[in-house]
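Chemist: can't give you the sequence, but here's the structure:
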């Protein structure tokens, strides 16, 4: 039997949070990311550096990173 290595990644901090209707604080985003790390996720995409006028949820991307 061959071993297969599978790596799971998470992009919800970057892709899902912008869909939330109210702004999520930097503290809550970091907490969410830390929980994913504690669960064993090793690859995370946590933010996008975009114009916050177009994507308000990414307005605190620098602080999150």
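Modeler: All right, it came through fine. Predicted model, so just to flag it, every value in this text is computed and none were measured.

Chemist: so residue 33 sits in a strand?
Modeler: No - per DSSP: H, G, I helix; E, B strand; the rest coil, residue 33 lies outside any strand segment and is helix.

Chemist: any idea how far it is from residue 7?
Modeler: Distance, residue 33 to residue 7, by CB to CB, to the nearest Å: 18 Å. To be clear about C-beta, it is placed using only N, CA and C from the backbone, and glycine gets the same treatment.

Chemist: more neighbours, the two?
Modeler: Set side by side, residue 33 and residue 7 show more neighbours around residue 33, with 19 against 7, by other CB atoms under 10 Å.

Chemist: Contacts only, for the more buried one.
Modeler: For residue 33, the contacting residues are 13, 44, 46, 64, by CB atoms under 8 Å, 6 or more residues apart in numbering.

Chemist: Among these, which ones are in helices?
Modeler: Taking DSSP state H as the definition of helices, the contacts of residue 33 contribute 13, 64.

Chemist: what does stretch 50-63 contact?
Modeler: 17, 18, 20, 23, 24, 25, 26, 29, 47, 48, 49.

Chemist: Run a quick neighbour tally on the third one.
Modeler: Residues near residue 20, counting by other CB under 10 Å, number 10.

Chemist: going forward can the numbers begin at 69, since that is how I track them
Modeler: Shifting the count to begin at 69 puts that one at residue 88.

Chemist: quick revisit: buried ones from the contacts of residue 101, can you make that a ChimeraX selection?
Modeler: Of these, the buried ones go into a single ChimeraX selection, burial set by 16 or more other CB atoms under 10 Å:
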select :81,112,114,132
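
Chemist: Where do the strands of the chain begin and end?
Modeler: 77-78, 111-112 (DSSP state E).
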